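Q: 3D, please:
(2 chains)
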Amino acid sequence: QVQVVQSGAEVKKPGASVKVSCKASGYTFTGYYMHWVRQAPGQGLEWMGWINPNSGGTNYAQKFQGRVTMTRDTSISTAYMELNSLTSDDTAVYYCARSSSLDYWGQGTLVTVSS
Amino acid sequence: DIQMTQSPSSLSASVGDRVTITCRASQAINHYLAWFQQKPGKAPKSLIYDASNLQSGVPSNFSGSGSGTDFTLSISSLQPEDFATYYCQQYNSYPYTFGQGTKLEIK
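A: Numbers count the residues shown, from 1 in each chain, chains lettered A, B, ... in the order given. This is a model prediction of the structure:
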């Protein structure tokens, strides 16, 4: 069965970076784009971008351009999302989700940015 | 960016009721519309893709329709586990965008 498992919660100081991992199993990792979506506390969902695990190609929402980097390691079927120059506004649960229709989601990773 | 507007923002209903949630796009998105269900503290769950296709394992009392700019999610005969927040999302063009959510509560 398809599973997407993310890394654990993180606490970061303003200005720092965070890297969240997303390990896929139960399907061909390189066959589906992996998307990243975040949700601030009590707020709605915000799409951040995707990575093509096959080619490594990426597409980032303009809001995050220059601050986000999505990578992957096909040998361990894992995608990564790194966000730099964190501020308190980046406090959120970060999700990875498979394919354009976001059919399978990870459990989420809470990133807290606080001094 | 394409703006997705859901209505209503909240809804009270009883077990057994039929409810409909509407999602309107600020420009045409063909049929590239998905619906998600989210319960507190949990990841969203995919219900419907391409406006009307049910994801595997989703109960048949969920249905979606629409094309262009206007879409609906219907839930016939509400079950206790259906009370949650529902989001629509367009994937016709970048950036993908979500509606603000509709909170479905028990009356």
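
Q: Counting neighbours, what do you get for residue 28?
A: Unless you meant another one, I'm taking chain A. By other C-beta atoms under 10 Å in any protein chain shown, 10 other residues sit near residue A:28. Heads up, the C-betas are built off the backbone N, CA and C, glycines and all.

Q: wait, chain B
A: Using other C-beta under 10 Å, residue B:28 has 14 neighbouring residues.

Q: One more: residue B:38?
A: When neighbours are counted by other C-beta under 10 Å, residue B:38 registers 19.

Q: quick one: it and residue B:83 touch, right?
A: No. The pair residue B:38 / residue B:83 is not scored as a contact, 11.5 Å apart, by C-beta atoms under 8 Å.

Q: Would you mind giving both backbone torsions of the closest residue in space to residue A:27 that isn't next to it in sequence?
A: Excluding the flanking residues, the one nearest residue A:27 by C-beta to C-beta, 6 or more residues apart in numbering or on different chains is residue A:2, at 5.1 Å. Phi and psi for residue A:2, reported as degrees, to the nearest 10, are phi -70, psi 130.

Q: same deal with residue B:81?
A: When read as degrees, to the nearest 10, the backbone of residue B:81 gives phi -80, psi -10.

Q: Contact residues of chain A facing chain B?
A: Within chain A, the positions near chain B by C-beta under 8 Å from any C-beta of the partner chain are A:35, A:37, A:44-47, A:59, A:61-63, A:95, A:97, A:100-108.

Q: if you set the cut-off to 7 Å instead, what comes out?
A: Counting by C-beta under 7 Å from any C-beta of the partner chain, chain A comes close to chain B at A:44-45, A:47, A:59, A:61-62, A:95, A:100-103, A:105-108.

Q: Among those residues, give me the pair with the biggest separation.
A: Spatial extent of these (C-beta to C-beta) is set by the pair A:62 and A:107 at 27.7 Å.

Q: mind listing what the residue nearest to the spatial centre of chain B touches?
A: Centroid check for chain B by C-alpha atoms, centre = their mean gives residue B:35 as the closest residue, at 3.8 Å. By C-beta atoms under 7 Å, 6 or more residues apart in numbering or on different chains, residue B:35 lies in contact with B:47, B:48, B:64, B:73, B:86, B:88.

Q: CSV please, covering the residues you listed and showing distance to chain A, pLDDT and secondary structure.
A: Output for the contacts of residue B:35, formatted as CSV (distance: C-beta to the nearest C-beta, whole Å; pLDDT from 0 to 100; DSSP: H, G, I helix; E, B strand; the rest coil):
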residue, distance to chain A, pLDDT, secondary structure
B:47, 10, 98, strand
B:48, 9, 98, strand
B:64, 12, 98, strand
B:73, 15, 98, strand
B:86, 11, 98, strand
B:88, 10, 98, strand
